[in-house]
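In: coords below, sequence missing:
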């Protein structure tokens, strides 16, 4: 996403717990696009005070934030009650509480500016409860999708917009523990679909649209016995 937006001339604030990769990316982007400003900050989004501080600092350095993509996520853990409690909690804390922290900080800035676009990275896994190692992950993605809809309701009469994205399987390291991989796409294809959807600022988008927009309804209504045989 950073590469695609930098190519459009967008200034960027890149945040993560580990900064060396972001620093390499910053150097690459500035080298390719000398007019683009790229700010790098270390941030653990499970820390609400740090999130507020870093968002405010990035906004001050860049002259405001037009859009925040809440993309931090984990897919660790395993079946509940089988010794994976710590990893399950870590996934829940990062995916839900981490996103809530980002929402609090970003939307505060957007309300003050009377403009902004908050993007929530959910998942196709949010549409149904999934078993085994996907259980907590899918639950957190359902939770953030619901939070996004409620936030959109709260911001209904304001210029601030909210988008909830439901990506399908994109071949990144996050997929390492996925039980089954169907209709997967590589990172470049998946990222291009995500950026295209974000630019439209819809309330909700399934990406890539083919096949996931077509599969969204049957995924919701299939009996659990059938769905679990297909998805795990």
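Out: Done, it's in. Being a predicted model, the structure only gives us computed values, none of them experimental.
In: the strand ranked longest in the chain: what's the following helix or strand?
Out: Identified as the longest strand of the chain according to DSSP state E is strand 160-167. Using DSSP states H and E, the helix or strand that follows strand 160-167 towards the C-terminus is helix 187-200.
In: elements contacting that following helix?
Out: For helix 187-200, the elements it packs on are helix 2-7, strand 160-167, strand 204-207, judged by 3 or more Cβ pairs under 8 Å, 6 or more residues apart in numbering; DSSP states H and E. C-beta here means a position set from N, CA and C on the backbone, and glycine is covered the same way.
In: do you know which of the ones you listed lies nearest residue 82?
Out: Closest of the helices and strands packed on helix 187-200 to residue 82 is strand 160-167, at 27.6 Å (criterion: Cβ to Cβ).
In: next one: that closest one to chain centre, how far?
Out: 9 Å (Cα atoms, centre = their mean, to the nearest Å).
In: just the buried residues of that strand, please?
Out: 160-167 (16 or more other Cβ atoms under 10 Å).
In: can you count the residues close to residue 102?
Out: 25 (other Cβ atoms under 10 Å).
In: quick one: contacts for the closest residue to it other than its chain neighbours?
Out: Nearest residue to residue 102 in three dimensions, chain neighbours excluded: residue 70, at 4.4 Å (Cβ to Cβ, 6 or more residues apart in numbering). Residue 70 is in contact with 45, 98-99, 102-103, 106, 118-121, 144, counting by Cβ atoms under 8 Å, 6 or more residues apart in numbering.
In: run the last query once more with 7 Å
Out: 99, 102-103, 119-121 (Cβ atoms under 7 Å, 6 or more residues apart in numbering).
In: tell me which two in those residues are the farthest apart.
Out: Longest span within those, Cβ to Cβ: 103 and 121, 12.1 Å.
In: what mean pLDDT does the biggest helix by length in the chain get?
Out: Ranked by residue count and defined by DSSP state H, the top helix of the chain is helix 135-154. Confidence over helix 135-154 (mean pLDDT, whole number) is 97.
In: now do the buried residues in it.
Out: Buried-residue list, helix 135-154, by 16+ other Cβ under 10 Å: 135-145, 147-148, 151-152.
In: how far does that helix sit from its chain's centre?
Out: 11 Å.
In: quick check, nearest of the buried residues of helix 135-154 to residue 198?
Out: Looking across those and measuring by Cβ to Cβ, the closest to residue 198 is residue 148, at 13.2 Å.
In: does that closest one really touch residue 162, like I thought?
Out: Yes. If you go by Cβ atoms under 7 Å, residue 148 and residue 162 touch, sitting 5.5 Å apart.
In: picking up where we left off before, distance to residue 228 added to the helices and strands packed on helix 187-200, as JSON lines?
Out: Converted to JSON lines, these look like this (distance: least, Cβ to Cβ, whole Å):
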{"stretch": "helix 2-7", "distance to residue 228": "36"}
{"stretch": "strand 160-167", "distance to residue 228": "20"}
{"stretch": "strand 204-207", "distance to residue 228": "21"}
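In: please name whichever of these is nearest to residue 198.
Out: Of all the helices and strands packed on helix 187-200, strand 160-167 sits nearest to residue 198, with 6.3 Å by Cβ to Cβ.
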